[in-house]
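Engineer: just to be clear, the model below is a prediction. Sequence and coordinates:
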Amino acid sequence: MSLYNNDNNKILKIFGYLTLFIVLISILYVLNFQNTIIVNHDRDKNSEINVEIIITKYFFKDIILSKKISINYGSSAMDALEDVSNVTYNYGGGFVESINGIKSTFSGGSGGKNDWFYYLNGMLMNTGATNKILKNGDILRWDFHTWDSNRMSTCIISDFPEPFIDGYKKSTDTIIVYSKKYEDETEHLKEKLNSYNIKCYKKEFSDLTDEDKKNENLIIVDNIENDLISELNKNSETLGWFIKYKDRSITTYDQYDKKTSSYDSCGFITSNQNPWNPNGNWNGENVVWVVSGISDDGVKDALHVLTSDYNDLKNSVNILIFDNKIIKVP
């Protein structure tokens, strides 16, 4: 018994020394790691990134401010807003009540349900602005508009070639799904996107898989009769489109969901976050753009805007191309 007890004591003592050694090493590692974080944090804190910030009203119709700024690395969307404007808050500081005196009409102002919404790289955000850390080259938009409508646009075409470069949550590949008769035009679009280092591929509709639809950014190119476009058109209101195709014509709507005009010949470009993604149209992971028209010429007119004149998309949610003119919708 005594021999057994002595051996057991030795084992316990050795085990204790080993445990103490491991603890000491762990403490030294943590301290070193913390010092590394502090050094890196201080280095990052002293560096800057460049972002573009645009403040507007009524789906970008009234431009209050448009500016490229330099801000500290690690700054949030809220930090950038505070850097260029006067901001007041509500609900404990988690909600933007006013920007430059333009106040929410829901949280104390007068009028309908108007509030401030923010978009990053062409996508409506589903996280608080204080929690969204910006990166170099981001395009940040704050827009004051109504939400007293069923049409809540979760993606805008305004900042092309975003969101295909950076997006919001993650970077995904982009597939141009096209009808063969637009072969040349879609090849030009692919080359344009590739020039921005966007991973972009072309597929005909017969080659598109369910996994592609769920996981990738899609640019759908065909006339309005296409099955996929028809599926989206049927849900245009919930997807936030301000256009609707019916009876061989396209009707446009304003921000209050009222009909504005009808067209029997036009091209158009619209977008939404991907409704085929299992997480839904507010997932922030991938997008679907539709480049279409009532006729083949309308489709080609819309493609031409993306490949050559896409600066005309600035401050747009959707657009129509009619009689060689770009019409912003709403």
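Structural biologist: Good, I have the coordinates.
Engineer: use CA for all of it now, contacts and neighbours both
Structural biologist: Fine.
Engineer: quickly find the element holding Lys192.
Structural biologist: Element membership for Lys192 (DSSP states H and E) is helix 183-194.
Engineer: run through who's touching that helix.
Structural biologist: The contact list for helix 183-194, computed with Cα atoms under 8 Å, 6 or more residues apart in numbering, reads 161, 176, 178, 199-202, 221, 300, 303-304, 306-307.
Engineer: which among the residues you listed gets closest to Asn274?
Structural biologist: Ile176 (14.2 Å; Cα to Cα).
Engineer: show me which pair in the contacts of helix 183-194 is furthest apart.
Structural biologist: Greatest spatial distance among the contacts of helix 183-194 (Cα to Cα): Lys199 and Lys300, at 22.8 Å.
Engineer: name the spans of the stretch 51-200 of the chain whose pLDDT lies under the cut-off.
Structural biologist: For the stretch 51-200 of the chain, applying pLDDT under 70 flags the ranges 92-94, 107-111, 169-171.
Engineer: quick one: the helices in it?
Structural biologist: Secondary structure of the stretch 51-200 of the chain, counting by DSSP state H, counting those that start in this stretch: helices at 77-84, 183-194.
Engineer: which of Lys199 and Lys300 has more neighbours?
Structural biologist: Using other Cα atoms under 10 Å as the criterion, Lys199 and Lys300 rank with Lys300 on top: 21 against 16.
Engineer: secondary structure element holding that one?
Structural biologist: Counting by DSSP H and E, Lys300 is part of helix 296-308.
Engineer: how about that helix: buried residues?
Structural biologist: For helix 296-308, burial by neighbour count (16 or more other Cα atoms under 10 Å) applies to Asp296, Gly298, Val299, Lys300, Asp301, Ala302, Leu303, His304, Val305, Leu306, Thr307.
Engineer: the second one and Leu320 touch, don't they?
Structural biologist: No. Under the criterion of Cα atoms under 8 Å, Gly298 is not in contact with Leu320, lying 9.3 Å apart.
Engineer: hey, what's in contact with both of the two?
Structural biologist: Common contact partners of Gly298 and Leu320 (Cα under 8 Å, 6+ apart): Cys266, Gly267, Phe268.
Engineer: quick check: bridge partners of the second one?
Structural biologist: When assigned by DSSP bridges, Gly267 has beta-bridge partners Gly293, Ile321.
Engineer: the most centrally placed residue in the chain: what's it in contact with?
Structural biologist: In the chain, the residue lying closest to the centroid (Cα atoms, centre = their mean) is Met123, at 2.3 Å. If a contact means Cα under 8 Å, 6+ apart, then Met123 has Thr154, Cys155, Ile156, Pro163, Gly167, Tyr168, Gln273, Gly284 as its contacts.
Engineer: neighbours around Asn311, how many?
Structural biologist: 13.
Engineer: wait, is it part of a strand?
Structural biologist: No. Using DSSP: H, G, I helix; E, B strand; the rest coil, the secondary structure at Asn311 is helix, not a strand.
Engineer: tell me how far it lies from Ser158.
Structural biologist: Using Cα to Cα, to the nearest Å, Asn311 is found at 9 Å from Ser158.
Engineer: check Asn194 too.
Structural biologist: 19 Å.
Engineer: and what of Phe95?
Structural biologist: Taking Cα to Cα, one finds Phe95 at 25 Å from Ser158.
Engineer: residues contacting Asp148?
Structural biologist: Gly112, Lys113, Asn114, Tyr256.
Engineer: look up the closest residue to the last one, ignoring the ones flanking it.
Structural biologist: So the one you mean is Tyr256. Ser149 (5.8 Å; Cα to Cα, 6 or more residues apart in numbering).
Engineer: and the one you found, how many residues sit next to it?
Structural biologist: Number of residues near Ser149 (other Cα under 10 Å) recorded here: 15.
Engineer: ok, Lys180 - how many residues close by?
Structural biologist: Residues within reach of Lys180, counting by other Cα under 10 Å, total 13.
Engineer: re earlier: I figured the residue nearest to Tyr256 hits Tyr253, correct?
Structural biologist: No. Ser149 is beyond contact range of Tyr253, at 10.9 Å (criterion: Cα under 8 Å).
Engineer: could you name every residue contacting both of those two?
Structural biologist: Counting by Cα under 8 Å, 6+ apart, Ser149 and Tyr253 have no common neighbour.
Engineer: re earlier: turn the helices of the stretch 51-200 of the chain into TSV, including distance to Ser316 and mean neighbour count.
Structural biologist: Output for the helices of the stretch 51-200 of the chain, formatted as TSV (distance: least, Cα to Cα, whole Å; neighbours: other Cα atoms under 10 Å):
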stretch	distance to Ser316	mean neighbour count
helix 77-84	21	18
helix 183-194	19	17
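Engineer: thanks again, I'm all set now.
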